[in-house]
Each structure stands twice: as structure tokens, then as C-alpha cells.
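Undergrad: based on what follows, work out the 3D shape:
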Amino acid sequence: MKVIILFILMFVVGCGDVDFDEILGNEETPPPTPFRVYMEYPKDENGYYHFTYPKGSNSSYGRVYCETLPTQRVFWYSPNEFQTYHQQQWFSTPIIQYSTYTSNDGIGNQLFYVYELFVGDTLIIMGGLSDENYDYVELIID
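TA: Prediction:
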């Protein structure tokens with residue numbers, strides 16, 4: 001019985017030297033994952049990209065890129081929509097959607113849709129890894 005009491009006292013006294021609050025409080029928050037959205041179109045002095053719409057086309061596609069860590073899932077969004085009429089109903093669809101993954105070099109891309117009614121408009125395209133880690137570009141359709 002004396003051995004058990006001695007063992008318990010050794011355990012309690014031995015654990016008393018450890019300050020768990022200090023250990024848990026020293027956890028550092030990792031830095032955010034680097035993330036950048038960009039395009040390969042001409043950019044003006046105000047930071048707007050310019051996409052030249054192909055004359056005579058009913059619609060076209062452009063490409064937006066992102067740069068982050070390898071094999072990251074990137075979510076795409078735009079508040080800009082195009083309208084289609086099908087079976088006596090109008091449907092609105094964002095010009096870019098879904099998600100993609102970056103390649104082993106950390107570069108990813110996605111297509112976005114433009115049609116003739118967008119000529120003269122400024123479109124916004126957003127990409128992100130999370131609600132807190134995102135970037136966007138603004139694009140003028142010429």
C-alpha cells in the first residue's frame with residue numbers, strides 16, 4: 001500500500017512541473033497560403049485587364065489563371081451572369097463557376113464565358129481557396 005501511495009505522490013509532484021497552459025499558448029498560427037489571380041491580357045494603368053471581343057462571334061471564352069501551392073483546389077465565382085432562353089424560361093448562369101486544381105507547379109486556370117452584350121462592360125472574376133483567402137480581377141470587354 002505504501003508503494004502505491006508513493007507512486008501516486010511521485011506522479012502528482014512530477015506532473016506539477018509541466019505548465020500545460022504555456023505549452024498550448026505557444027502554438028503559432030501558420031501564415032496564409034499564398035494565392036494570386038491574374039490574366040494574360042493587356043492591363044491598363046488602373047489595374048483593369050482588357051479583353052478584345054472577337055467581332056462577328058455570338059460568344060467567346062477567356063482564360064483566368066491563379067498561382068498558389070501545388071495541387072490546391074481553387075473555387076471560382078463571378079457576380080456577372082449571362083441569360084439563356086430554354087423551353088419558355090430564362091436562365092441565369094455565372095460567367096465562371098465550379099472549381100479546379102492547380103498543377104504540380106502551383107498554376108491553375110479556368111475558362112470564363114463572354115457574349116456580345118458584355119462589350120463595354122466591366123466583369124469581375126474571383127478565385128479563392130476559402131472565404132478568407134481569395135483574390136479577384138476586373139476585366140473590361142472591348
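Undergrad: from now on I want contacts and neighbour counts done on CA atoms only, so please keep to that.
TA: Will do.
Undergrad: contacting residues for Q72?
TA: 101-102, 106, 129 (CA atoms under 8 Å, 6 or more residues apart in numbering).
Undergrad: let me fix that, I meant to ask about D105.
TA: 69-70 are the contacts of D105 under CA under 8 Å, 6+ apart.
Undergrad: now do L129
TA: Taking CA under 8 Å, 6+ apart as the test, what L129 contacts is 35, 72-75.
Undergrad: wait, which of those is closest to F118?
TA: When those are compared for distance to F118 (CA to CA), F75 wins out at 23.0 Å.
Undergrad: excluding its backbone neighbours, what's nearest the closest one?
TA: Spatially, and ignoring its direct neighbours in sequence, F75 is nearest to S99 (4.3 Å; CA to CA, 6 or more residues apart in numbering).
Undergrad: that neighbour contacts C66, doesn't it?
TA: No. The criterion here is CA atoms under 8 Å, and S99 misses it with C66 at 11.7 Å.
Undergrad: tell me how many other residues crowd the residue nearest to F75.
TA: Neighbourhood size, S99 [other CA atoms under 10 Å]: 15.
Undergrad: ok, now the one 10 residues further on?
TA: N109 has 21 neighbouring residues, counting by other CA under 10 Å.
Undergrad: hang on, the earlier thing: which ones among the contacts of Q72 are found in helices?
TA: Judged by DSSP state H, helices contain none of these.
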